[in-house]
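Need the 3D shape of this:
(2 chains)
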Amino acid sequence: MMNAIVQGVLLGGYYALIASGLSFMFSVMRIINLAHGSLAVFAAYLLFILADSYGISPFLGLLIVLPLMALLGWALQRFVLERAARAGLLVPILATFGLAIVVDNLLFEQFGADTRSLAPYIGDLSFNSWQITDDISVGQFAVLTFVAAVAVLTLLQVILSFTPLGRAIRATSEDADTVGLVGIDARKVNAIATAIALVTVGLAGAALGLRATFDPYAGEPQLLFAFEAAVIGGAGSVWGTLAGGIALALGQALGAEIAPQGFLIGGHVVFLVVLFARLFAPGSTFPAMLRRAVGRR
Amino acid sequence: MMKTHVVERWTETARVTVIVCAVVLAVLALGPLVFGAGLVDRMTALFIYVILAAMWNALAGYGGLVSVGQQVFFGLGAYFAVRLANAGLDPFVSLVLGAGIVAAISLPLSAFMLRLRGGEFAIGMWVIAALAHLLVNLDTLVRGETGTSLIALNAYSAVARRDGIYWLALVAMVALLGALYGLLRSRTGAGIQAIRDDEAAAASLGVRIMRTKRILFVLAAFGAAMAGTLWLATAITFQPNAYFGVQWTAYMIFMVLVGGLGTFEGAILGAVIFFLIETWFGASGVWYLVGLGAAALVFALFLPRGLWGALDDRLQLRLLPVGYRLRESAGGKN
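Sure, this is the predicted structure:
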């Protein structure tokens, strides 16, 4: 039981990592990118090609893939999202959904239905673990993912709160038309924000490929996990997203305890329960509920 | 000179359209007597596509609710039809009743989901679809992805089965299109179009947003479920993966975006285009899906009102008007 909780918390780190970019884009641009999961899988495939064909370790591969993802984010904003956002609230959803279908099927066209993993390219790290107690051992890579998630979330918060760029991003998200008056180029700011978001997507893709297997259609569940973690946590807060990821993973762990097929069901149920609570008792994001549960307001 | 204005709800073109539609429907109704078996099957598929497109358009184009999870209703409709037929009900009755059950489920679901906005509603519905898929997989009748079949249909001869499904699909399509058209032309319909154009403004004028959206949500759920049960009837086999897949929503989005989001005629046009593309390119597998996704992306960005919207802007066709148009009467031009 204790072991399931520990593993759940660590898995929650992965969910928080993949949720971070989705939640970041939503909080600064009010756009939910439905291609989020597919782009993470795309990044995983890029790392796979680098490792498989060129023998570049996935960690070194990130030095190539992350800048590429940033560039992709910039292009995504400039050529798709910017135009879509101007056309109304619904168009970004439709456009990014179309993009997700394109990405998924191009990956399938290129790589076929085989499941892949990046784990074979990082040697012992993929299966080494630390023994905590007699019953509990934690995978080193799971811990690394968790740490990476916390680092990414903290960094995003620091950028938003304390840097000139963050100030520009926040101002643009408040009122994209008015910021022009104070010399902020809203288009540039949004393109940079999307580039940042896609760097986190690249990291999440690496984590996905390293901790498990992926296939061309793995984007869909990743998008749902990211979305659920972000919603459970209440968009826009670092610790909220982390708590959301952990709550999702614990729900899955609990579901799996009840029945073998209960893993995914458990996660969806936690999501719906939190959503339900939030809708009928406004302000009850998961962290707020936690705070109430431990008696702090 | 005093100019007077009249509110125009009907046009001469519309009268002609109705007559043409009636003739086409009369021909379609006689379909099984004239068409070959293959064509009857294909036409049944077309009717199902029209239902899917019109119902997704009702939700997104008129209600402003983009759902990426309509496959939940498609899949559940088929599932309940299998369940009912397995319990001994006549398969054709099961098809309609299965969709009815889904409509009943969608009502409480709407109370919950309609509080979500924009992208949250879109992916929220996707989560609901994923959850329903997992739960249906737990049913011992379905046995996970192995699936089951609507074997009860074997009680009918192959010909009776094919023709029966064709007529049921035709009736379902006409009834659903008719219901949607009636709804859009009614007082509620004026509210629906007001919501589509500006929700806050509509609310301030006294349009009951929630009630109006709920009507669309339940109608769209019933329609998608009916399409699902009809698809089950033509395919016989029920494998959850094939019914709860997001590709169904991709098809719906493609049809509506290409045809014309928020136009009654556009959804039908989109379904016909999708039907032709599927007939010609469906066999090319993955590239076909890439093409559908790319088309949805391009239309969303560059032609958000679709082919029909573009045509309509130029020609002012209004074959089946649902709105109110102010027109100068006697002496005035145009």
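
how about the closest residue in space to B:Gly282 that isn't next to it in sequence, what does it touch?
Closest residue in space to B:Gly282, ignoring its immediate chain neighbours: B:Tyr288 at 6.1 Å, by Cβ to Cβ, 6 or more residues apart in numbering or on different chains. Heads up, the C-betas are built off the backbone N, CA and C, glycines and all. Neighbouring residues of B:Tyr288 by Cβ atoms under 8 Å, 6 or more residues apart in numbering or on different chains: B:277-278, B:281-282.

Could you pull up the mean pLDDT of the longest helix anywhere in chain A?
Across chain A, the longest stretch assigned as helix under DSSP state H is helix A:2-29. Helix A:2-29 shows a mean pLDDT of 89 in the predicted model.

residues of that helix that come out buried?
Under the neighbour-count criterion of 16 or more other Cβ atoms under 10 Å in any protein chain shown, helix A:2-29 has A:4, A:6-29 buried.

could you say what helices and strands that helix packs with?
Counting contacts by 3 or more Cβ pairs under 8 Å, 6 or more residues apart in numbering or on different chains; DSSP states H and E, helix A:2-29 packs against helix A:36-54, strand A:137-139, helix A:140-162, helix A:164-174, helix A:186-211, helix A:219-233, helix A:238-258.

Just the buried positions in the second one, please.
I take that to be strand A:137-139. The neighbour-count check on strand A:137-139 (16+ other Cβ under 10 Å) flags A:138-139 as buried.

do the fifth one as well
Along helix A:186-211, these residues count as buried under the neighbour rule (16+ other Cβ under 10 Å): A:186, A:189-211.

residues from the stretch 151-300 of chain B in reach of chain A?
Within the stretch 151-300 of chain B, the positions near chain A by Cβ under 8 Å from any Cβ of the partner chain are B:246, B:250, B:253, B:257, B:261, B:286-287, B:289-290, B:292-298, B:300.

from the stretch 101-250 of chain A, which residue is nearest to chain B?
Here the stretch 101-250 of chain A gets closest to chain B at one residue, A:Ile101, 3.0 Å apart by Cβ to the nearest Cβ.

Now that residue. Nearest residue, chain neighbours left out?
B:Gly293 (3.0 Å).

number of nearby residues for the closest residue to chain A within the stretch 51-200 of chain B?
Closest approach between the stretch 51-200 of chain B and chain A, counting by Cβ to the nearest Cβ: B:Gly119, at 3.0 Å. The number of residues packed near B:Gly119 is 24, by other Cβ atoms under 10 Å in any protein chain shown.

How about A:Gly240?
25.

The residue nearest to A:Ile101 contacts A:Thr96, correct?
No. Using Cβ atoms under 8 Å, B:Gly293 is not in contact with A:Thr96, being 10.6 Å away.

Between those two, point out the one with more neighbours.
Counted by other Cβ under 10 Å, B:Gly293 and A:Thr96 do not tie: A:Thr96 has more neighbours, with 27 against 24.

can you tell me which helix or strand that one belongs to?
Secondary structure assignment for A:Thr96, by DSSP states H and E: helix A:91-111.

State the mean pLDDT of that helix.
Helix A:91-111 comes out with an average pLDDT of 92.

what do you get for stretch B:217-234?
Mean predicted lDDT for stretch B:217-234 stands at 94.

For that stretch, C-alpha coordinates in CSV please.
The C-alpha trace of stretch B:217-234 is given here as CSV (Å, rounded to 0.1, in the frame of the first residue of the first chain):
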residue,chain,number,x,y,z
PHE,B,217,-26.7,18.7,-26.2
VAL,B,218,-29.4,16.0,-25.8
LEU,B,219,-30.4,16.2,-29.4
ALA,B,220,-26.8,15.9,-30.5
ALA,B,221,-26.3,12.9,-28.1
PHE,B,222,-29.4,11.2,-29.4
GLY,B,223,-28.4,11.8,-33.0
ALA,B,224,-24.8,10.5,-32.5
ALA,B,225,-26.2,7.5,-30.7
MET,B,226,-28.6,6.8,-33.5
ALA,B,227,-25.8,6.9,-35.9
GLY,B,228,-23.9,4.5,-33.7
THR,B,229,-26.7,2.0,-33.5
LEU,B,230,-27.2,2.2,-37.3
TRP,B,231,-23.4,1.7,-37.8
LEU,B,232,-23.7,-1.3,-35.6
ALA,B,233,-26.5,-2.7,-37.7
THR,B,234,-24.5,-2.4,-40.9
